[in-house]
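Undergrad: Okay, here's the prediction I keep looking at, along with the sequence it came from:
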Amino acid sequence: MIAEDATTHSGETEALLDRLDAIAGSIAAQAAADRERCADELVAVGERVLETWLDAKGLVPTDGRVEGFRLLALHRQGAKGDPSFNACRESCRELIYQANCARAAGTGEDATRHLRLASMVARHIVLFISGKLVEAGLGDFCCSSRTLRLSGAEAAAGERPE
Amino acid sequence: MTGKHKSVAYYPGCALEGTGHAYNRSTKAVGKALDLELTELKNWNCCGAMEVKNVDPKLQTYLSARNLQIASDMGFKTVMAPCNGCYHNLKKAEYDLAADPASREVNERLSSKAGHGAYSPGEVETIHALDWIKDSIGEDGLRERVRNSLKGLKVACYYGCMYTRPRHIFPEKDKGPGSESTYKPHFMDDLLQAAGAEIVEYPLKTACCGGAHTLSDSDTSTKLVLNLLTTAEACGAEVIATECPTCHTGLEMHQVRAEKVLGAKTTVRILYFTQLLGLALGLSPRKVGIQENMSPSRAFLAEKGIP
């Protein structure tokens, strides 16, 4: 079902990639005061693409927080019943980490560096999720435990005679 | 040096006999240079990789359990698997058999049919090549043995997404100082740093490379890999060190494809961490299989003073 809806969502993920290009292009020139806003915007891009994934699955994106961050709550919601989605779990955490470092660095060169890294991590999350919108199984090779996470009745193994 | 894994059973897996041959060659060469004994499993079989689980996940568990049983029959308590896929599947089989009675029952039935003993969880510990060197030689031991320091070489360590996922099949990780982290793995960073390399901060060290869909959806894989490569370059890396044959091949192939299809040229080199360690230990490029890599690095390494 997700693959059939891919065209619907591809425009949105393309727009997010364009937005990331624009943010990445402006990081070096940004005034110190804008850097915090830039960190917020990069996290918002991550949240938006996770919302797109949840929309595609017919779910209402949560407003909850995990460890204080909606991005991580959205990721957890997106991974429920689909452990291969955890292939972007650490990237989501890394985006939060780099954005936090950028905020903490204030006005120094470090802030610019962390924002650049955050934009690259955000890009990877957008690319991964846009890939999964086309190929739901993306990341699946990387998660052979799929059946462990599903209930016995749902597990593919349980549906097949041994 | 702890000597913890001085003599272990070796499970190369199918990839290391094919596209990952340089990883096989360099792993064995490094083991020899470090006086670590590797004994290849006799008559080993595929771990089940990605295909078998789609037929029946319990069959995959059995296939990996058979390899563990061979290690046990050969008298080993530890089996080392350098491939992330094999490592993951052996760990998963261990978990399945300990946690799921139905998996145990299928394993016992198939083992009996095949005429060998059924593996019981807890008999053999599965480790990765990173654990093997880290636990048996350690950073200090490696530092003492370095003959050609990797000094001046800027390296991004890429672990891929299977080395740490799912967390529950790796109970030994995240145990505090000295243990590996599933959030930010560092064993490869530690070892290559001890060999003299300059490790750059790399925020995508566990990100997906799109390996599963490299043939069915090549464009997605190419875009994911291109982002891994450009990020490594933006972090100042001259080399991406890998520890998984699937990731390694994907990075090499899609680096070429990204240039051909997307017009995006990247120059970061891709080398197995065992190749880098081997060079640091004084082994020749040929000995560690540099000539087998698709990513050209020989001239670059020579420029860096690494023969």
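TA: Nice, thanks for sending it over.

Undergrad: Next, give phi and psi for B:Asp190.
TA: For B:Asp190, the backbone dihedrals (degrees, to the nearest 10) come out as phi -60, psi -50.

Undergrad: From chain A, how far off is it?
TA: Distance from B:Asp190 to chain A, counting by C-beta to the nearest C-beta, to the nearest Å: 18 Å. Glycine gets a C-beta too; all of them are placed from N, C-alpha and C.

Undergrad: Next: B:Pro296.
TA: Separation of B:Pro296 from chain A (C-beta to the nearest C-beta): 25 Å.

Undergrad: what does the stretch 1-150 of chain B have sitting close to chain A?
TA: For the stretch 1-150 of chain B, the residues in contact with chain A (C-beta under 8 Å from any C-beta of the partner chain) are B:48-50, B:53-54, B:56-58, B:60, B:85, B:88-89, B:92, B:95-96, B:99-100, B:102, B:106.

Undergrad: Could you list every helix and strand in contact with the helix or strand of chain B with the lowest mean pLDDT?
TA: Every helix and strand in chain B was compared by mean pLDDT, DSSP states H and E; the lowest is helix B:52-55, with a mean of 77. Applying 3 or more C-beta pairs under 8 Å, 6 or more residues apart in numbering or on different chains; DSSP states H and E, we find helix B:52-55 packed against helix B:57-73.

Undergrad: mean confidence score for the helix it packs on?
TA: Helix B:57-73 carries an average pLDDT of 96.

Undergrad: For whatever helix or strand comes next after that helix, name the packing helices and strands.
TA: For helix B:57-73, the following helix or strand on the C-terminal side (DSSP states H and E) is strand B:78-80. Where contact means 3+ C-beta pairs under 8 Å, 6+ apart, strand B:78-80 is packed against strand B:7-10, helix B:57-73, strand B:125-127, helix B:129-136.

Undergrad: So in that sheet, which strands flank strand B:78-80, and in what orientation?
TA: strand B:7-10 (parallel), strand B:125-127 (parallel) (DSSP bridges).

Undergrad: so B:Lys287 sits right up against B:Gln275, yeah?
TA: No: between B:Lys287 and B:Gln275 there is no contact under C-beta atoms under 8 Å: 9.5 Å.

Undergrad: Who has more neighbours out of these two?
TA: B:Gln275 (31 against 19; other C-beta atoms under 10 Å in any protein chain shown).

Undergrad: what's the helix or strand harbouring B:Ser221 packed up against?
TA: Under the criterion of DSSP H and E, B:Ser221 resides in helix B:218-234. Applying 3+ C-beta pairs under 8 Å, 6+ apart, one finds that helix B:218-234 contacts helix A:109-134, strand B:154-158, strand B:239-242, helix B:245-262.

Undergrad: most packed of those?
TA: With neighbours taken as mean count of other C-beta atoms under 10 Å in any protein chain shown, the helices and strands packed on helix B:218-234 reach their highest mean count in strand B:239-242, at a mean of 29.

Undergrad: could you give me the average pLDDT of that one?
TA: Mean predicted lDDT for strand B:239-242 stands at 98.

Undergrad: distance between it and the chain's centre?
TA: Distance of strand B:239-242 from its chain centroid, counting by C-alpha atoms, centre = their mean, to the nearest Å, is 12 Å.

Undergrad: quick one, what contacts the most centrally placed residue in chain A?
TA: Of all residues in chain A, the one closest to the mean position by C-alpha atoms, centre = their mean is A:Ile125, 4.2 Å from it. By C-beta atoms under 8 Å, 6 or more residues apart in numbering or on different chains, the residues touching A:Ile125 are A:Gly46, A:Val49, A:Leu50, A:Cys88, A:Ser91, A:Cys92, A:Leu95.
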